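I'll drop the sequence and a predicted model, then ask my questions.
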There are 2 protein chains.
Amino acid sequence: MTERRLTCKACDGRWPPQDHRIADLGLTVAYLFEDQFFPGWTVLVLKRHARELYELTREERSHVIEEVNTVAQVLAEEFHPVKVNYGLLGNQLPHIHWHVIPRLADDPAPLESVWGHPHQPKPLGERVRTELIAKLQASLRG
Amino acid sequence: MTERRLTCKACDGRWPPQDHRIADLGLTVAYLFEDQFFPGWTVLVLKRHARELYELTREERSHVIEEVNTVAQVLAEEFHPVKVNYGLLGNQLPHIHWHVIPRLADDPAPLESVWGHPHQPKPLGERVRTELIAKLQASLRG
């Protein structure tokens, strides 16, 4: 049984929104991040509750980094980024979730982290979001 | 032989400064980050030149995440963080280097990423830096 925390919004399904779900990758579930100001920004949320890498087994760490890598490859095929950013922070939500962010050629702040570039969040409209998620799902299956 | 790029400052030894070196961990070398505004901030620099996780073999990814994890544990023992942050960005230097940053109870911006909190860099004096590095080295050996 997967360990869950009642007070954790990643455990109880309050975040990320289910209509942003891309795929179950094994130990994590990938979601399109709500804010698409940086196009393709994806989060991988661990299915069980853990805060730090050192709360996982060696085998889990190895699996999780493969899942992060798979998503990075799929995003690279779709978005042709100059660089991919990978971040496991958890300052606001201490439940392991990886940010995987393709940084594109027309990035407004190419030298900065996405967290160092304040901006108005940019949610996608439902149709565009659904199409992008379907593309990423197909690419993950391929 | 380790692949190196002549134009890369992580390959040719221009960064990080050698007097910030903590230890050779196998595939990466750990250095205390020059800016210690966030105490304990450490970087793990891949010994060979690669930009993205998907340029590594599966075995390399597994080894590297273990090295990141080992450093996180050592930093947690030394600094007792509320949360550890892990980031692989490379926007300014596209050579794989992991930031591992313990976020302490008295953190000035506990909900923000370190890159979302502009600040004056805080290098340590030589004696304090040397002592901290020696402590982390001892902890890594233990």
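Happy to help now that I have it.

would you point out which residue is most central in chain A?
Nearest residue to the geometric centre of chain A (C-alpha atoms, centre = their mean): A:Val43, 1.1 Å.

flag every residue of chain A that's near chain B.
For chain A, the contact set with chain B under C-beta under 8 Å from any C-beta of the partner chain comprises A:51-54, A:58, A:61-62, A:64-66, A:68-69, A:72-73, A:76, A:83-92, A:94, A:103, A:110-113, A:115-116, A:118. Every C-beta, even on glycine, is put in place using the N, C-alpha and C of the backbone.

any of those buried? List them.
If you count burial by 16 or more other C-beta atoms under 10 Å in any protein chain shown, the buried members of the residues of chain A next to chain B come out as A:51-53, A:61-62, A:64-66, A:68-69, A:72-73, A:76, A:83-91, A:94, A:103, A:112-113, A:115-116.

so which of those residues are in strands?
In strands, defined here by DSSP state E, the members of these are A:83-88, A:103.

can you give me the helices in chain A?
According to DSSP state H, chain A carries its helices in the segments A:58-79, A:126-141.

just name the most buried of these.
Mean neighbours per residue, mean count of other C-beta atoms under 10 Å in any protein chain shown, is largest over the helices of chain A for helix A:58-79, with a mean of 19.

what angle do helix B:58-79 and that helix make with each other?
In this structure, helix A:58-79 runs at an angle of 120 degrees to helix B:58-79, with axes from the mean of the first three to the mean of the last three C-alpha atoms, to 10 degrees as the basis.

which other helices and strands contact helix A:58-79?
For helix A:58-79, the elements it packs on are strand A:28-32, strand A:42-46, strand A:83-88, strand A:97-103, helix A:126-141, helix B:58-79, judged by 3 or more C-beta pairs under 8 Å, 6 or more residues apart in numbering or on different chains; DSSP states H and E.

how far does it sit from its chain's centre?
With C-alpha atoms, centre = their mean, to the nearest Å as the basis, helix A:58-79 stands 10 Å off its chain's centre.

got the contact list for that helix?
A:25-28, A:30, A:39-40, A:42, A:44, A:46, A:53, A:56, A:81, A:84, A:86, A:96, A:98, A:100, A:102, A:104, A:135-136, A:139-140, B:52-54, B:58, B:61-62, B:64-66, B:69 (C-beta atoms under 8 Å, 6 or more residues apart in numbering or on different chains).

go again using 7 Å as the cut-off
For helix A:58-79, contacts defined as C-beta atoms under 7 Å, 6 or more residues apart in numbering or on different chains pick out A:25-28, A:30, A:39-40, A:42, A:44, A:53, A:56, A:84, A:86, A:98, A:100, A:102, A:104, A:135-136, A:139-140, B:52-54, B:58, B:61-62, B:65-66, B:69.

before we move on, what about stretch A:114-124?
For stretch A:114-124, the external contacting residues (C-beta under 7 Å, 6+ apart) are A:34-38, A:85, A:101, A:108-109, A:132, B:113, B:115-116.

now those in CSV, with pLDDT and distance to A:Leu124?
Output for the contacts of stretch A:114-124, formatted as CSV (pLDDT from 0 to 100; distance: C-beta to C-beta, whole Å):
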residue, pLDDT, distance to A:Leu124
A:Glu34, 98, 9
A:Asp35, 98, 10
A:Gln36, 98, 5
A:Phe37, 98, 10
A:Phe38, 98, 12
A:Asn85, 98, 20
A:Ile101, 98, 15
A:Pro108, 97, 17
A:Ala109, 97, 20
A:Leu132, 98, 7
B:Ser113, 97, 23
B:Trp115, 96, 25
B:Gly116, 94, 23
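
which of those lies closest to B:Pro16?
Within the set of the contacts of stretch A:114-124, B:Trp115 lies nearest B:Pro16; the separation is 17.4 Å, counting by C-beta to C-beta.

thought A:His20 was touching A:Ala30?
No: the pair formed by A:His20 and A:Ala30 falls short of the contact definition of C-beta atoms under 7 Å, at 9.5 Å.

and those two? Which one has more around it.
A:Ala30 (27 against 20; other C-beta atoms under 10 Å in any protein chain shown).

in contact with that one, which residues?
Neighbour list for A:Ala30: A:22-23, A:42, A:44, A:71 [criterion: C-beta under 7 Å, 6+ apart].
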